[in-house]
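>>> task: produce atomic coordinates for the following.
(chains A and B)
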Amino acid sequence: QQQVKQSPQSLIVQKGGIPIINCAYENTAFDYFPWYQQFPGKGPALLIAIRPDVSEKKEGRFTISFNKSAKQFSLHIMDSQPGDSATYFCAAKVTGNQFYFGTGTSLTVIP
Amino acid sequence: NAGVTQTPKFQVLKTGQSMTLQCAQDMNHEYMSWYRQDPGMGLRLIHYSVGAGITDQGEVPNGYNVSRSTTEDFPLRLLSAAPSQTSVYFCASSPYRGETEKLFFGSGTQLSVL
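A predicted model of the protein is given here:
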């Protein structure tokens, strides 16, 4: 059973568009929600993360929106660029650094 | 800094063969873990360790063994490989204690079991 449900599976946007990737969870014991970015042939790398006591976090062009009551969080990429084309994974952590990952979203930004 | 180093990058096994995937980190991280990545499944935790001599199971531990004799190394052993273990394997580490839960990933091992 997938602990963190991620959608969509793939996404194609024009340069400058704002792709949005959504994740949902059920386990209220999760205490940390990161997003990872993965390029082909590479390992995932931390992009941005949020804790459940915060509703929004921005780092550069990347924003996480967090809705604790709905148990949902999303990643927004402002002014998307072709270099943002990658696979994005949401994740959630429980005590002890056990991370549960979503199934991934393949993003393509068309020039 | 080398970070997290995984070897080999590619491996082909026959069903029933055994092998060890190597993982080493030079950041003095206490926490190390192994994930497998399959299409449509995301990353799933196999085993993890919070320090030398301490290991525990993740979501999908069956068919895999681990040990942690040093802080730096966390090898993953396949005792009798099966086609279902064809996957890309990632090792990840983090400081565990302190202010960050950031996972640092290696570049992966692509394993095919025929």
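>>> for the closest residue to residue B:101 other than its chain neighbours, which residues are in contact?
In space, residue B:101 comes closest to residue A:32 once its chain neighbours are excluded; the distance is 5.4 Å by Cβ to Cβ, 6 or more residues apart in numbering or on different chains. (Each C-beta comes from the backbone N, C-alpha and C, glycine too.) Residue A:32 makes contact with A:49, A:50, A:51, A:92, A:93, B:101, according to Cβ atoms under 8 Å, 6 or more residues apart in numbering or on different chains.
>>> quick one: the fifth one from residue B:80, how far?
Taking Cβ to Cβ, to the nearest Å as the criterion, residue A:93 is separated from residue B:80 by 32 Å.
>>> same drill for the two, tell me which one is more crowded.
Neighbours were tallied for residue A:93 and for residue B:80 using other Cβ atoms under 10 Å in any protein chain shown; the higher tally belongs to residue A:93 (19 against 11).
>>> report how many residues lie close to the residue lying closest to residue A:44 once chain neighbours are set aside.
The shortest distance from residue A:44 to any non-neighbouring residue, by Cβ to Cβ, 6+ apart, is to residue A:36 (3.8 Å). If you count neighbours by other Cβ under 10 Å, residue A:36 ends up with 26.
>>> near chain B, which residues of chain A are found?
Chain A has residues A:2, A:4, A:6, A:9, A:32, A:34, A:36, A:41-46, A:49, A:89, A:91, A:93, A:96-104 near chain B, with proximity defined as Cβ under 8 Å from any Cβ of the partner chain.
>>> of those residues, which belong to strands?
The strands, defined by DSSP state E, take in A:4, A:6, A:34, A:36, A:45-46, A:49, A:89, A:91, A:93, A:98-101 from the residues of chain A next to chain B.
>>> phi, psi for residue B:48 please.
phi -150, psi 170 (degrees, to the nearest 10).
>>> relative to chain A, how far out is it?
Using Cβ to the nearest Cβ, to the nearest Å, one gets 7 Å for the distance from residue B:48 to chain A.
>>> just list whatever residues bridge to that residue.
residue B:33, residue B:56 (DSSP bridges).
>>> how about residue A:23, what does it touch?
Contacts of residue A:23 by Cβ under 8 Å, 6+ apart are A:4, A:5, A:6, A:7, A:33, A:72, A:73, A:74, A:90, A:92, A:102.
>>> circling back to that earlier point, give me the beta-bridge partners of the residue nearest to residue B:101?
Legend: beta-bridge partners of residue A:32 under DSSP bridges are residue A:93.
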